[in-house]
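[1] Predicted model and sequence follow; I will ask about them next.
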Amino acid sequence: MDIRLGNGFDVHAFGPGDHVVLCGVKIPHEKGLVGHSDADVALHTITDAILGALAQGDIGQHFPPSDPQWKGAASDIFLRHAVDLAQTMGFEMSNVDCTIICEDPRIGPHAMRMRQEVGRITGLAVERVSVKATTSERLGFTGRGEGIACLATAALMKR
Ligand SMILES: Nc1ccn([C@@H]2O[C@H](COP(=O)(O)O)[C@@H](O)[C@H]2O)c(=O)n1
Ligand SMILES: C[C@@]1(CO)OP(=O)(O)OP(=O)(O)OC[C@H]1O
């Protein structure tokens, strides 16, 4: 069995707005996230983890932020592209683990919907999708509430 692991990391800054989109789930919040797309930092991170496992570059190489086509785009497009690429290369997804780093919004109440949404986009069973969160104990840019950071790991396998 050929097993590949990839990691991802992304950050988006807070800006004006009344909600954030994380793992495709709209969460009411006193601020929004700034980005060329919908700024779904969690889906971007999972996308990068899959591209990393495949050694196929990163999300910005596949979807340049200079391309007006992706202005305001829903980020499930990027994740689906990475999953399709994995399938084309003969790999199937095994599991995804994602850690969202922010003081607010609280992720726990939305985590199951996020897992379900990532499962819907990737075709993974919800038991194979982990979404969790931590604060940074009020330290650094996430601690000051300036943005959200995200880490993800993806495992792919070829039988
Ligand atoms: N945005 C967040 C941050 C944390 N959580 C949950 O709270 C727990 C405690 O956080 P610590 O940073 O003090 O370890 C954490 O394990 C998460 O369950 C959250 O839901 N949303
Ligand atoms: C997703 C893309 C797509 O235009 O834009 P952003 O929403 O700015 O996200 P980021 O993670 O900064 O970079 C990847 C970009 O290519």
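    Good, I have the coordinates. Ligands and ions are numbered 1, 2, ... in the order given.
[2] Please count neighbours and contacts with C-alpha atoms only from this point.
    OK.
[3] counting contacts, what elements does the strand or helix carrying residue 20 pack onto?
    Residue 20 is located in strand 19-22, with elements delineated by DSSP states H and E. Packed against strand 19-22 by the contact rule (3 or more C-alpha pairs under 8 Å, 6 or more residues apart in numbering; DSSP states H and E) you find strand 25-28, strand 32-33, helix 41-53.
[4] if you set the cut-off to 6 Å instead, what comes out?
    Counting by 3 or more C-alpha pairs under 6 Å, 6 or more residues apart in numbering; DSSP states H and E, the packing neighbours recorded for strand 19-22 are strand 25-28, strand 32-33.
[5] what lines up beside that strand in the sheet?
    Sheet pairing of strand 19-22 (DSSP bridges) gives strand 25-28 (antiparallel).
[6] got the contact list for the strand it pairs with?
    Identification of contacts with strand 25-28 by C-alpha atoms under 6 Å, 6 or more residues apart in numbering yields 18-20.
[7] Buried residues, it. List them.
    25, 27 (16 or more other C-alpha atoms under 10 Å).
[8] burial measure for residue 144, as a count.
    13 (other C-alpha atoms under 10 Å).
[9] And it, how close does it get to residue 134?
    Distance, residue 144 to residue 134, by C-alpha to C-alpha, to the nearest Å: 14 Å.
[10] again, but for residue 157
    29 Å.
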